[in-house]
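Enquirer: Need a 3D model of the sequence below.
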Amino acid sequence: MAAHGRGQLAEALSLYDRVLAADPYNTDALNLSGLALLHAGAFARAAARLVRALAIDPDRKSTRLNSSHVSESRMP
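Expert: This next block holds a predicted model:
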């Protein structure tokens with residue numbers, strides 16, 4: 001998360017991917033990687049991660065918020 005906060009998205013995504021390789025249901029890693037992908041402009045990949053996170057925990061407010069940001073970013 002520190003790398004993400006510093007804007008080092010590639011490093012952050014690598015760390016999130018390692019977490020998800022060990023625990024594919026880790027909603028923190030899914031949510032944060034979705035946010036990092038959004039910041040990187042990878043909207044489809046961001047949406048996919050956030051949809052997975054919401055499937056696991058549909059009531060998580062931060063994931064719902066991040067998902068709405070992806071939707072807004074994809075609008076023309």
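Enquirer: thought residue 16 was touching residue 24?
Expert: No - the pair residue 16 and residue 24 fails to qualify as a contact (Cβ atoms under 8 Å) at a distance of 11.6 Å. The way it works is simple: take the backbone N, C-alpha and C, and place the C-beta from them, glycine included.
Enquirer: Which of those two has more residues huddled nearby?
Expert: residue 16 (25 against 11; other Cβ atoms under 10 Å).
Enquirer: who touches the more buried one in this structure?
Expert: Neighbour list for residue 16: 29, 32, 33, 36 [criterion: Cβ atoms under 8 Å, 6 or more residues apart in numbering].
Enquirer: So which of those residues is the closest to residue 64?
Expert: Nearest to residue 64 out of those is residue 32 (Cβ to Cβ; 14.3 Å).
Enquirer: Which neighbouring elements make contact with the helix or strand hosting that closest one?
Expert: Per DSSP states H and E: residue 32 is located in helix 27-39. Secondary-structure packing of helix 27-39 (3 or more Cβ pairs under 8 Å, 6 or more residues apart in numbering; DSSP states H and E): helix 2-5, helix 9-22, helix 43-56, helix 61-74.
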